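Asks: Here you go, sequence then predicted model.
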Amino acid sequence: MATATLPAPPRLLQRYRKEIVPALMKRFGYKNPYEVPRLDKVVLNMGVGQGAADVKVIEQAAHEMGLIAGQKPVITRAKKAISNFKIKENQPIGVKVTLRRARMYEFLDRLVNIAMPRIRDFRGVSPQAFDQGGNYALGLTEQLIFPEIEYDKVSRVQGMDVVLCTTAKSRDEAHELLRLLGVPFKEGR
């Protein structure tokens, strides 16, 4: 009988289990390792305004998002018509993907260690972008910072939103968790 070998867990997940959990337990005085906040999911969202007029723009954005995330994105549609923006109800207006488990850790590892250093004049991300629930929202101005995207095949530069959802109960817990995971925050919190 052949035994199936499981793929190794992502290196960021291994670091979380071995280094970050004990550090957070010591810092915040948790009694149980299951109390320690963890990364719950990562949501990538790309709003495509011209997608309402041209379906090929949406298809290109979906293809690029799939390359970046490693998972097929969902095409988001308008919930209601907005005449000022020339949007009709149920018209495609963007793409999104939700990453969980191993893909989530692999994406965050690539974002922090490969993509963010490629941003021009990068000095760190704002420590002010946390909501009350301990989630962090980050905006990227172009998809070209990811190595999966070939520069010559991009028809238009497109920005995206990245939301890091955590199980933290406060902003301080979430900030410390993301700092230990390697997110480069600006100095002077």
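Replies: Looks like it came in fine.
Asks: could you give the mean pLDDT of stretch 120-131?
Replies: Throughout stretch 120-131, pLDDT has a mean value of 83.
Asks: can you dump the C-alpha coordinates of that stretch into PDB?
Replies: Taking C-alpha atoms only, stretch 120-131 is exported to PDB below (Å, rounded to 0.1, in the frame of the first residue of the first chain):
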ATOM      1  CA  ARG A 120       9.000  52.400  -5.600                       C
ATOM      2  CA  ASP A 121      10.100  54.600  -2.600                       C
ATOM      3  CA  PHE A 122       8.600  52.100  -0.200                       C
ATOM      4  CA  ARG A 123       9.100  53.100   3.500                       C
ATOM      5  CA  GLY A 124       6.600  50.800   5.100                       C
ATOM      6  CA  VAL A 125       2.800  50.500   5.400                       C
ATOM      7  CA  SER A 126       0.700  52.700   7.600                       C
ATOM      8  CA  PRO A 127       0.100  51.400  11.100                       C
ATOM      9  CA  GLN A 128      -3.200  53.300  11.200                       C
ATOM     10  CA  ALA A 129      -5.200  51.100   8.800                       C
ATOM     11  CA  PHE A 130      -6.600  48.700  11.400                       C
ATOM     12  CA  ASP A 131     -10.300  48.500  12.100                       C
END
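Asks: which residues are in contact with that stretch?
Replies: 116, 136-138, 171, 174-175, 183-187, 189 (Cβ atoms under 8 Å, 6 or more residues apart in numbering). (C-beta placed from N, C-alpha, C; glycine too.)
Asks: check contacts around Val42.
Replies: Taking Cβ under 8 Å, 6+ apart as the test, what Val42 contacts is 98-100, 104, 107-108, 162-165.
Asks: and the two most separated of these?
Replies: Using Cβ to Cβ, these span at most 14.4 Å, a distance reached by Arg100 and Val162.
Asks: re earlier: let me know the closest of the contacts of stretch 120-131 to Glu89.
Replies: Ala137 (26.9 Å).
Asks: list the contacts for the residue nearest to Val112 when sequence neighbours are not counted?
Replies: Distances taken as Cβ to Cβ, 6 or more residues apart in numbering put Gly182 closest to Val112, at 4.5 Å, once the chain neighbours are dropped. By Cβ under 8 Å, 6+ apart, the residues touching Gly182 are 12, 108-109, 112-113.
Asks: I'd like the distance between Gly182 and Asp161.
Replies: Note on Gly182: its distance to Asp161, by Cβ to Cβ, to the nearest Å, is 20 Å.
Asks: Could you do Asp152 as well?
Replies: 26 Å.
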